[in-house]
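J.: Whatever this is, show me its structure:
(one chain, ligands or ions: 2)
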Amino acid sequence: MRVLGIETSCDDTGVAVYDSELGLLGHRLFSQSSLHAEYGGVVPELASRDHIRKVLPLMREVLAACAINPQEIHGIAYTAGPGLAGALLVGAVIGQSLAWAWQVPAIGIHHMEGHLLAPMLEPDPPAFPFLALLVSGGHTLIADIQAHGRYRVLGDSADDAVGEAFDKTAKLLGLGYPGGPAIARAAAHGAPGRFRFPRPMTDRPGLNFSFSGLKTAAVLAVREQALDSQVIADIALAFQDAAVDTLVIKCGRALAATGHRRLIVAGGVGANQLLRERLADLATSLRVQVYFPRPDFCTDNGAMIALAGYMRLAAGLCDGPDFSVHPRWSMDDLPPAV
Ligand code: KG4
Ligand code: ZN
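T.: Numbers count the residues shown, from 1 in each chain. Ligands and ions are numbered 1, 2, ... in the order given. As a prediction, this is how the structure comes out:
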């Protein structure tokens, strides 16, 4: 089965074709980050309009690059939530319209399920069950994954998502948007030990997170200093250390509590090199296996949606023309796929 995947939940337009026998055939991504950069964050209406312009040209490019025509597509998957309502509607309406025109089934995919399955696009994919750390601009989740579609959220953020904290701290430091890669680049020149920020909620039991205090610690540090490029790098380093440490401590705790032998890491913050190294060390010390998508598939992309779509369509699920999108959508509410 060959599935076309469409991702439009935020500021990246992603399109991909996944083949159940051959794996990923091709993918294209258009990042709107330069469109939103001058506003310091995503402007929803600009995002929707740009998705309208990009989805079909990207789809034609992918089909041409894989040398397949629409008759060779057997199903369509689009991100149905969570995300920006208008942006989601663009992908859903285009996906459903193509499915109607091509007479194939369509399915709306939970964006975080897409992230969660992204490590399965890599060689040596993880088998179920596993523990998942899902870290993006909108989510910070630790989830117990028993099987495809059987998810239990064990820990969540009470306030900002970790990616959002990276973005806000980068904005504060004048490092631009998106903040995660900018903080990581600046931190490479930072001097360790000049600042030390809290590891929020690691001093009490449980798997929940809170990142707004960490952001406030960065605000206070900025207020007390004359900002030059060295101070910016030092604050970026301290922030990245604290955020990564917090995630690693909670993952260690969750692995001990659940007894899982496999950990998967996904979502945009999963592209962070320090986080990848620290989690690889944790996994070695606990003798568990850790799985990451390649950095390009940590951030938003169409490939993860095509794969997640294939898995749900193959299980006999689909969404008819009475479809809807879900800007807010808990993973706990997903219909099981097995
Ligand atoms: O998964 P994603 O592309 O979109 C959402 O679903 O939110 O994640 C985007 C988030 C942004 O907050 C961005 O700053 C963060 O991932 N991010 C990073 C890195 N690359 C992207 N955070 C830390 N280090 C990175 N290298
Ligand atoms: Zn995402």
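
J.: alpha carbons only for contacts and neighbour counts from here, please
T.: OK.

J.: could you dump the helix or strand where Leu4 lies to PDB, C-alpha only?
T.: In this structure, Leu4 sits in strand 2-7 according to DSSP states H and E. Only the C-alpha atoms of strand 2-7 are listed here, as PDB (Å, rounded to 0.1, in the frame of the first residue of the first chain):
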ATOM      1  CA  ARG A   2       1.300   3.500  -0.900                       C
ATOM      2  CA  VAL A   3       0.100   6.500   1.200                       C
ATOM      3  CA  LEU A   4       0.500  10.200   0.500                       C
ATOM      4  CA  GLY A   5       1.000  12.100   3.800                       C
ATOM      5  CA  ILE A   6       0.300  15.800   4.300                       C
ATOM      6  CA  GLU A   7       1.400  17.800   7.300                       C
END
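
J.: tell me the mean pLDDT for the helix or strand hosting Glu61?
T.: For Glu61, the host element (DSSP H and E) is helix 44-66. For helix 44-66, the mean pLDDT works out to 98.

J.: quick one: that helix near ligand 1?
T.: No - Helix 44-66 does not reach ligand 1 (CA under 6 Å from any ligand atom); its nearest approach is 13.3 Å.

J.: Enumerate the residues of the stretch 1-150 of the chain near ligand 1.
T.: Where the stretch 1-150 of the chain comes near ligand 1, counting by CA under 6 Å from any ligand atom, the residues are Ser136, Gly137, Gly138.

J.: rerun at 8 Å
T.: Residues of the stretch 1-150 of the chain lying near ligand 1 by CA under 8 Å from any ligand atom: Ser9, Cys10, Asp12, Gly83, His111, Met112, His115, Val135, Ser136, Gly137, Gly138, His139.

J.: which SS class is the residue in the stretch 1-150 of the chain positioned nearest to ligand 1?
T.: Per CA to the nearest ligand atom, Gly137 is where the stretch 1-150 of the chain lies closest to ligand 1, at 3.2 Å. Secondary structure assignment for Gly137 (DSSP: H, G, I helix; E, B strand; the rest coil): coil.

J.: okay, the angle between the helix or strand that comes right after the strand holding Leu4 and helix 44-66?
T.: Counting by DSSP H and E, the next helix or strand C-terminal to strand 2-7 is strand 12-19. Per axes from the mean of the first three to the mean of the last three CA atoms, to 10 degrees, the angle that strand 12-19 makes with helix 44-66 is 30 degrees.

J.: sorry, back to before: where does the strand holding Leu4 sit relative to the chain's centre, distance-wise?
T.: 17 Å (CA atoms, centre = their mean, to the nearest Å).

J.: just stretch 199-215 next, same as before
T.: With CA atoms, centre = their mean, you get 20 Å for stretch 199-215.

J.: what's the answer for stretch 227-247, then?
T.: With CA atoms, centre = their mean as the basis, stretch 227-247 stands 22 Å off its chain's centre.

J.: ok, now stretch 15-27?
T.: With CA atoms, centre = their mean, you get 19 Å for stretch 15-27.

J.: Quote the end-to-end distance of it.
T.: 6 Å (CA to CA, to the nearest Å).

J.: One more: stretch 143-158?
T.: Stretch 143-158 end-to-end distance (CA to CA) = 15 Å.

J.: The chain should start at 402 in everything you say after this.
T.: Done: numbering now begins at 402, and the last item shifts to stretch 544-559.

J.: hmm, who's touching that stretch?
T.: 514, 529-535, 540-543, 607-612, 732-733, 735-739 (CA atoms under 8 Å, 6 or more residues apart in numbering).
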